[in-house]
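Engineer: Sharing a model prediction with you, sequence too.
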Amino acid sequence: MDFSIQLKLENDTVMLQPLSKLDFEDLYAVAADPKIWEQHPNKDRWQEAVFKTYFEGAMESKGAFKIIDKTSNAIIGCTRFYDYNHAELSILIGYTFYATKYWGSGINHAVKRLMLDYIFQFVSVVYFHVGAYNIRSQIAIARLGANKIEEQEITYFGEQPKLNYVYGLSKAAWV
């Protein structure tokens with residue numbers, strides 16, 4: 001890989017900064033809301049012990065970001081790049097969550113646009129794993145122009161496999 005998947009990215013609305021071990025408490029303060037995880041395949045991720053596993057996976061990915069609202073300078077969620085495939089020139093974006101206060105506010109679109117505009121300089125396809133029952137995220141990804149291409153059992157870091165839909169978005173469709 002001749003590009004970084006963990007650099008500072010920023011637009012008028014949000015700043016994505018590389019996640020560090022020092023961010024655990026602030027990020028968990030957001031993630032501790034059970035409502036965030038209601039439609040997610042891992043519904044108990046609001047529990048601290050379960051969230052620690054998520055956080056460890058984020059740190060090991062070396063592609064995770066804390067999402068900062070530029071108006072308040074508050075950490076409002078997390079996302080990451082992962083599973084770069086050199087042969088296919090593809091990468092995944094996911095493990096994303098936001099404080100419920102930001103749902104429906106356009107933040108997700110701003111974050112994904114920022115990430116996609118950057119990563120499509122280096123890859124041809126971006127994939128997204130979305131929980132089979134996470135209707136909110138399925139709608140959001142479809143609004144970006146991604147299409148459902150398959151159903152797959154996905155094993156999240158340190159967790160049991162869960163049914164997910166795989167969405168794909170090509171560079172040609174994004175530009």
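Structural biologist: Perfect, thanks for sending it.
Engineer: Check what contacts stretch 118-128 and list those residues.
Structural biologist: Contact with stretch 118-128 is made by 2-3, 5, 9, 81, 84, 88-94, 116, 141, 146, 166-171, 174-175, as judged by CB atoms under 8 Å, 6 or more residues apart in numbering. Backbone N, C-alpha and C define where each C-beta goes, glycine included.
Engineer: longest strand in this protein, by residue count?
Structural biologist: Ranked by residue count and defined by DSSP state E, the top strand of the chain is strand 74-85.
Engineer: helices or strands next to that strand in the packing?
Structural biologist: helix 24-31, helix 48-61, strand 64-69, strand 90-98, helix 107-119 (3 or more CB pairs under 8 Å, 6 or more residues apart in numbering; DSSP states H and E).
Engineer: let's go with 10 Å and repeat that
Structural biologist: Applying 3 or more CB pairs under 10 Å, 6 or more residues apart in numbering; DSSP states H and E, one finds that strand 74-85 contacts strand 14-18, helix 24-31, helix 48-61, strand 64-69, strand 90-98, helix 107-119, strand 125-131.
Engineer: Off-centre distance for it?
Structural biologist: Here the centre of strand 74-85 is set off from its chain's centre by 4 Å, with CA atoms, centre = their mean, to the nearest Å.
Engineer: and the angle from it to strand 125-131?
Structural biologist: Interaxial angle, strand 74-85 versus strand 125-131 (axes from the mean of the first three to the mean of the last three CA atoms, to 10 degrees): 120 degrees.
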